[in-house]
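1. Show me the folded form of this:
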Amino acid sequence: MQLPAKISPNPLLTSTVELRLNSKYPREEILAKVLSHFLPSLPILKEGPIPYQVREDDPKFEYTPDFILSNKDFSLSFSHNMISFESVGEYKLWPNYFGFIMEQLNSLCELAVFQNVIRIGVRYASIFDGVKEINNCLKNTPVLSVEGFNTDGLRLIASKFRKEDAIISLQLRPNTKIVKESGTLLGLVVDIDVSKTFSENTAFDNGVFATIDAFHSIEKDFLFNGLLKEDFVASLSPEY
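-> From the prediction side, this is the model:
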């Protein structure tokens, strides 16, 4: 099945590409170099959501950014051990978004503050507004029954899949309410994260581009060919 380039209305909640990295340089030096390097092209500066003093004592915040730089189209978040990208506002479609990512990563490679890549992840989360019954849109619907008890519906479905050396983490959240500037949405949230963890000696260079692009293709194939029914995809006004 051909993969659509665009569907309407745009269901995206997030479109994050994250790289976890390591470096031989001190944290403060990395932050200063990256900030001064990217600030001219991404002039809107915000601090990360969690102070470093809190993150230092809690492993689950290890890869939380110190700073977020953005312009009207894209954002770049970073710390001493990670960098991530996000499309801001209306989604710019993958060729434009990926072009921005490649440009920034090429520039970061030239800066030479990071030596190795630890993990690459491509995460897209969408809400399909108005979907009340997940079997109306999913090819296969999980069923959980317990003898003697009536089900009150599934609240969260989480599973992992593998495609070659990529791990696909899937979360489905039926009947979820999302409040956006444009209004309140109620429907099915589909959250797909395609990732790979690398050995410690994997170089951080422009070889990561092929991995990022491949993971995006896996995510789209998983969503449109693997997860969603063809008639449901057709109802989303796909453009090819």
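
2. Can you give me the neighbour number for the nearest residue in space to Phe61 that is not next to it in sequence?
-> Spatial nearest neighbour of Phe61, excluding adjacent residues (C-beta to C-beta, 6 or more residues apart in numbering): Arg55 at 3.8 Å. Where C-beta positions appear, they are placed from N, C-alpha and C, glycine not excepted. Residues near Arg55, counting by other C-beta atoms under 10 Å, number 19.

3. you'd agree Arg55 is up against Pro49?
-> No: in this structure Arg55 lies outside contact range of Pro49 using C-beta atoms under 8 Å: 9.8 Å.

4. got any residues that touch both of these two?
-> When contacts are counted by C-beta atoms under 8 Å, 6 or more residues apart in numbering, Arg55 and Pro49 have Thr64 as shared neighbours.

5. related to what we said a few turns ago, on contacts alone, who are the packing partners of the helix or strand harbouring the residue nearest to Phe61?
-> Using DSSP states H and E, Arg55 falls within helix 52-56. Here helix 52-56 touches no other helix or strand, going by 3 or more C-beta pairs under 8 Å, 6 or more residues apart in numbering; DSSP states H and E.

6. Of all the residues in it, which ones are buried?
-> Buried residues in helix 52-56, counted by 16 or more other C-beta atoms under 10 Å: Arg55.

7. quick one: it to chain centroid distance?
-> A distance of 23 Å separates the centroid of the chain from that of helix 52-56, by C-alpha atoms, centre = their mean, to the nearest Å.

8. Distance check, Lys196 against Val179.
-> Relative to Val179, Lys196 is positioned 33 Å away (C-beta to C-beta, to the nearest Å).

9. So for those two, which sits in the more crowded spot?
-> Lys196 (18 against 8).

10. Next SSE downstream of the one helix or strand that one maps to?
-> For Lys196, the host element (DSSP H and E) is strand 183-197. For strand 183-197, the succeeding helix or strand toward the C-terminus, using DSSP H and E, is helix 208-221.

11. Could I get the buried residue list for that next one?
-> Going by neighbour count (16+ other C-beta under 10 Å), the buried part of helix 208-221 is Val208, Thr211, Ile212, Ala214, Phe215, His216, Ile218, Glu219, Lys220.

12. mind listing what the first one touches?
-> For Val208, the contact set (C-beta under 8 Å, 6+ apart) comprises Leu19, Leu105, Val117, Ile120.

13. Dump the helix ranked longest in the chain to CSV, restricted to CA.
-> Assignment by DSSP state H gives helix 94-111 as the longest helix of the chain. C-alpha atoms of helix 94-111 as CSV (Å, rounded to 0.1, in the frame of the first residue of the first chain):
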residue,chain,number,x,y,z
TRP,A,94,9.0,15.1,6.2
PRO,A,95,11.1,16.3,3.3
ASN,A,96,11.2,19.8,4.8
TYR,A,97,11.5,18.6,8.4
PHE,A,98,14.3,16.1,7.6
GLY,A,99,16.1,18.7,5.6
PHE,A,100,16.2,20.9,8.7
ILE,A,101,17.4,18.0,10.8
MET,A,102,20.2,17.2,8.4
GLU,A,103,21.3,20.8,8.2
GLN,A,104,21.5,21.1,12.0
LEU,A,105,23.2,17.8,12.6
ASN,A,106,25.8,18.5,9.9
SER,A,107,26.5,21.8,11.7
LEU,A,108,26.7,19.9,15.0
CYS,A,109,29.2,17.4,13.6
GLU,A,110,31.4,20.2,12.5
LEU,A,111,31.2,21.7,16.0
